[in-house]
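1. generate coordinates for the sequence data below:
(one chain, ligands or ions: 1)
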Amino acid sequence: MAYGPAPENAADAMSFLDAHKRKFELFIGGKWQKPSSGEYYDSTNPSNKKNLAKISEANTADVDKAVAAANKALPKWVEIGAHSRARYLYALARQVQKNARLFTVLESLDNGKPIRETRDIDIPLVARHFYHHAGWAQIRDTDPELREYKELGVVGQIIPWNFPLLMLSWKIAPALAMGNTVVLKPAEDTSLTALLFADICQQIGLPDGVVNIITGHGSTGAALVEHKDVQKIAFTGSTNVGKIIRRATAGTGKKISLELGGKSPFIVFEDADLDSVVEGIVNAIWFNQGQVCCAGSRLLVQESIAEKLYSKIRARMENMRMGNALDKCIDIGAIVSPGQLKIIEDLVKTGVEEGGSLWQPTSWDCPTEGCFYPPTLFTDIAPSATLAQEEIFGPVLVAMSFRTHQEAVKLANNTRYGLASSIWTENINLALDIAPKIKAGVVWTNCTNVFDAAAGFGGYRESGFGREGGKEGLFEYIKPRIEELFSDKPFTKAVSTTKKTTDSDSNIPTIDRTAKMYYGGKQARPDGGYSTKINSSSGDYIGEVSTGNRKDIRNAVEAAHKGKGWAGKTGHARAQVLYYIAENLIQRKEEFANRICLMTNQNKTSALQEVEQSVDRIYTYAALADKYDGRVHHTVTSNVTIAMPEPIGVMGIVCPDESPLLGFISTVIPAISMGNNVIVVPSQTAPFSATDFYQILETSDVPAGVVNIITGGKDELAQVLAKHDDVDGLWYFGSQQGSEAIERLSADNMKRTWVNYGKYRNWSDKAQGEGEGFLRRASQIKNIWIPYGV
Ligand code: NDP
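-> Below you'll find the model as predicted:
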């Protein structure tokens, strides 16, 4: 039996376009305004290439206007309070629901995606996002954690074309809920539902300027990124543009969250239910024509069942229906634009040239009038092939096989990305064993492409950083109130009135040896053989430390990667080691205090206090090591969704120069308490607290490779760490220029960075120097979805 077409009626969507005379202006300060450039471009329907409307091109003058409008609206938006903001968000949710059909049709017309998907997935999720965040808005000032944070200000948001309205809701809902105002730029190819959303903002009486929508090309986005009054950029799109944004905002203090590309593995073990797997694959790679950042585009299948699965997939592909997006009977719609179609065609050509075996359905042909590309399966693909590594962003599945579980994990992680993954097996033990081993922000077990406002979404590695959705996503739109206490100058400590170059109190001689460096659990001489003289703060020579260079950092990074077991230890096991460190440190309290006096001219009482505070701080992180845990999110589908904090991996820590012991402890200990292995560059001016610490590490059961210490020129070493591709995260406490360099240089592998922009915190103040904020920076959330039901 053949299905006939079942087209949805587009009359309401056409009336909406006609109401704007098929020519859209910019939505700034609550009003429609002509673009300063006077330029417009066409928005077309990819199902038939016909023009739908003209869209304004915003230039820098328009960006200025929109940011000014958002800035003007900000104080009142903050002042009206949590409950009023919650009411507006609720009104937006209701209005999206009431206009669901109009949004659905308009989205499918503009983007080419099947109406079944916009109707059943995109638009309901949009409404859900506004509802969920109406709730966060309501409790924002009473939640014990959130109330310690404040809004950022004006937020610039740049979204792609693959889920136009859904991405808008992922951006706008949390930003408004946390008290920010926004300027949003939709993708040039798919602006229409954002413009309809602007109408909705007017209808509910959202205060003018709280939401501004400016349309345009990449240059409009770039102007928004560079605007000095924008406090944060939230971006979803390609990894290349993500890197441009990281570099452009370096050193400005603008917060950024980047949700970038992916090459997500879809792993099928031999005991999986293959019929469910086939439907899972349809959902993984043919949902939205494969134009999905988390598409399961790499099929990894256990060798014993590979051929059987491939033939089932081919049979299913023969039965897929492709056509006009408004036809309710189709499975696959149109590719968004001729440009994207060309990218897909070129990559497929490369795949064939590199020896891949291409298979496409033979029983039906693509429609000819729009931008269509058939579902495609590639086999005989090497793990290093272009198609196995590059994001295609089209309906192209690339299949490879594996023999052992270990090989499956290796293949899955053989990518620069880390957005999502999907594991198929009937064995829950196997699924939960594999899930933590995959380097990705989302793991779906026996399901795929499931989303919800209550669960965070976002990547590892070059898939970007930051989360959208869930409580974890809110932190992208707020900043700690405590930052207001940070200073342009270091906090001073009580100074000794007696000048001394030796420590007569404890009979410790002046440091006349050259302290070595420390990596892989051993002390090591510097590669260059040089040492650096260290003077006290009053200028007296007190000793020498090794001058580390690029090679020393490289060795330390290698050592850190070899120290593998630490991340896998339980929080309790890590806490035991931290307590042991504290125990050994307190025993040598006098000696550490004397060194501090020698280096900083602090008085003895203050130095002893610094050691005591360091021990106290180690206790805090030992306490939190098994208490800073995740959540089980209340998602709307039948899933247990576990949000699990995982270590970042190998991290560089560039310590503050001041508070030589407490600054070292306050940064290194939270990072290792979360299971990271670290390469530490200690205080450049007062490094001996860190070099004395080697003996503590050696006697406290800290496994080799967990803490590695390289002394020397702080900024030079920091920049080597920033450029190193095998370093996953980097904290830097130094100058403004140093901070700028770290953010700029870290863009190549999208490191998670945390810098202080030259501001000082008082490390002795617990509110500034310790707490869960440090652990949040030392970990990233993985969401594991486990469906239930029979
Ligand atoms: P882009 O990353 O170029 O576009 C995403 C958004 O950023 C759009 O609004 C775009 O505007 C804007 N933009 C482009 N350049 C800049 C810039 N320099 N500064 C600020 N904003 C900018 O993605 P494309 O649309 O070009 O798609 C290219 C590839 O990116 C795809 O083939 C796919 O691999 C990947 N991609 C990934 C997505 C994801 O969800 N992770 C989504 C979309 C694409 P404009 O639309 O005018 O170009």
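
2. might you name the residue of the stretch 201-350 of the chain sitting closest to the ligand?
-> Residue nearest to the ligand within the stretch 201-350 of the chain (Cβ to the nearest ligand atom): residue 221, separated by 2.3 Å. Bear in mind the C-beta positions are built from the backbone N, C-alpha and C, glycine included.

3. could you measure from the closest residue to that residue other than its chain neighbours over to the ligand?
-> Leaving aside its sequence neighbours, residue 221 sits nearest to residue 158 (Cβ to Cβ, 6 or more residues apart in numbering; 4.5 Å). For residue 158, the distance to the ligand equals 5 Å [Cβ to the nearest ligand atom, to the nearest Å].

4. and residue 158, what pLDDT?
-> If you check residue 158, the pLDDT there is 98.

5. I'd say it and residue 236 touch.
-> Yes: between residue 158 and residue 236 there is a contact under Cβ atoms under 8 Å: 7.5 Å.

6. list the contacts for residue 562?
-> 520, 704-705 (Cβ atoms under 8 Å, 6 or more residues apart in numbering).

7. kindly report the same for residue 65.
-> Residue 65 neighbours (Cβ under 8 Å, 6+ apart): 28-29, 33, 36.

8. highest neighbour count among those residues?
-> Within the contacts of residue 65, most neighbours by other Cβ atoms under 10 Å means residue 28, with 25 neighbours.

9. if we can go back for a sec, the residue nearest to residue 221: neighbour count?
-> Neighbourhood size, residue 158 [other Cβ under 10 Å]: 24.

10. so what sits opposite it in the bridge?
-> Counting by DSSP bridges, residue 158 is bridged to residue 185, residue 235.

11. what about it, distance to residue 740?
-> 22 Å (Cβ to Cβ, to the nearest Å).

12. on that earlier part again, quick check: which element contains the residue of the stretch 201-350 of the chain closest to the ligand?
-> helix 218-226 (DSSP states H and E).

13. residues of that helix that come out buried?
-> 220-226 (16 or more other Cβ atoms under 10 Å).

14. cool, and stretch 327-335?
-> By neighbour count, and taking 16+ other Cβ under 10 Å as the criterion, the buried residues in stretch 327-335 are 327, 330-335.

15. pretty sure residue 72 contacts residue 30?
-> No: counting by Cβ under 8 Å, residue 72 stays clear of residue 30, with 10.6 Å between them.

16. between those two, which one's more packed in?
-> More crowded of residue 72 and residue 30, by other Cβ under 10 Å: residue 30, with 18 against 15.

17. once you drop chain neighbours, what's closest to the more buried one?
-> Closest residue in space to residue 30, ignoring its immediate chain neighbours: residue 208 at 3.0 Å, by Cβ to Cβ, 6+ apart.

18. from the structure, what's the count of residues near that neighbour?
-> So residue 208, with other Cβ under 10 Å, has 17 neighbours.

19. which ones are touching it?
-> Residue 208 touches 29-31, 69, 73, counting by Cβ under 8 Å, 6+ apart.

20. those residues: which two are farthest apart?
-> 31 and 73 (12.5 Å; Cβ to Cβ).

21. contacting residues around residue 5?
-> By Cβ under 8 Å, 6+ apart, the residues touching residue 5 are 323-324, 327, 329.

22. would you list these in CSV and tack on distance to the ligand, secondary structure and pLDDT?
-> Shown next, in CSV, are those (distance: Cβ to the nearest ligand atom, whole Å; DSSP: H, G, I helix; E, B strand; the rest coil; pLDDT from 0 to 100):
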residue, distance to the ligand, secondary structure, pLDDT
323, 23, coil, 96
324, 23, coil, 96
327, 24, strand, 97
329, 27, coil, 94
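
23. could you dump those residues to a markdown table with distance to residue 611?
-> Converted to a markdown table, the contacts of residue 5 look like this (distance: Cβ to Cβ, whole Å):
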| residue | distance to residue 611 |
| --- | --- |
| 323 | 73 |
| 324 | 73 |
| 327 | 73 |
| 329 | 73 |
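
24. so which residue is smack in the middle of the chain?
-> residue 465 (1.4 Å; Cα atoms, centre = their mean).

25. would you check that that residue makes contact with residue 750?
-> Yes: between residue 465 and residue 750 there is a contact under Cβ under 8 Å: 6.8 Å.

26. give me the contact list for stretch 388-396.
-> With Cβ under 8 Å, 6+ apart as the test, stretch 388-396 has contacts from 162, 239, 261-263, 285-286, 289-291, 295, 297-298, 332, 335, 340-341, 343-344, 347-348, 351, 373-376, 378, 381-382, 387, 398, 400, 414-417.

27. actually stretch 283-293, not the one I wrote
-> Contacts of stretch 283-293 with the rest of the structure, by Cβ under 8 Å, 6+ apart, involve 112-113, 117, 161-163, 236, 259-262, 264, 266, 295-297, 320, 331-336, 340, 373, 375, 392-397, 419, 422, 448-449, 463.

28. that stretch: which residues count as buried?
-> Within stretch 283-293, the residues that count as buried by 16+ other Cβ under 10 Å are 283-293.

29. then stretch 723-742?
-> 723-724, 727-735, 738-742.

30. what separates it from the chain centre, distance-wise?
-> 17 Å (Cα atoms, centre = their mean, to the nearest Å).

31. can you count the residues close to the closest residue to residue 475 other than its chain neighbours?
-> Spatially, and ignoring its direct neighbours in sequence, residue 475 is nearest to residue 776 (6.7 Å; Cβ to Cβ, 6+ apart). Residue 776 has 17 neighbouring residues, counting by other Cβ under 10 Å.

32. ok, residue 487 next?
-> For residue 487, the neighbour count with other Cβ under 10 Å is 11.

33. going forward, begin numbering at 286 instead of 1
-> From this message on, residue numbering opens at 286, which makes the last subject residue 772.

34. now it: how far from the ligand?
-> Relative to the ligand, residue 772 is positioned 34 Å away (Cβ to the nearest ligand atom).

35. beta partners for that residue?
-> Here residue 772 sits in beta bridges with residue 1045, going by DSSP bridges.

36. contacting residues for it?
-> With Cβ under 8 Å, 6+ apart as the criterion, the residues that contact residue 772 are 1044-1047.

37. and these near the ligand, which?
-> With Cβ under 6 Å from any ligand atom as the criterion, the subset of the contacts of residue 772 in contact with the ligand is empty.

38. may I see the PyMOL selection of the buried members of those residues?
-> Here is the PyMOL command that selects the buried residues among the contacts of residue 772 (16+ other Cβ under 10 Å):
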select buried, resi 1044+1045+1046+1047
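
39. and the contacts of residue 772 as CSV, adding distance to residue 587?
-> Formatted as CSV, the contacts of residue 772 follow (distance: Cβ to Cβ, whole Å):
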residue, distance to residue 587
1044, 52
1045, 55
1046, 51
1047, 56
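
40. of all the contacts of residue 772, which comes closest to the ligand?
-> Closest approach between the contacts of residue 772 and the ligand, by Cβ to the nearest ligand atom: residue 1044, at 27.5 Å.

41. ramachandran angles for the closest one?
-> phi -90, psi 150 (degrees, to the nearest 10).

42. find the nearest non-adjacent residue to residue 574, please.
-> Spatial nearest neighbour of residue 574, excluding adjacent residues (Cβ to Cβ, 6+ apart): residue 680 at 5.1 Å.

43. next, count neighbours for the one you found.
-> Neighbour count for residue 680, taken as other Cβ under 10 Å: 27.

44. state the mean pLDDT of the helix ranked longest in the chain.
-> In the chain, with assignment by DSSP state H, the single longest helix is helix 889-910. Taken as a whole, helix 889-910 has an average pLDDT of 98.

45. please state the offset of that helix from the chain centre?
-> Chain-centre distance of helix 889-910: 32 Å, with Cα atoms, centre = their mean.
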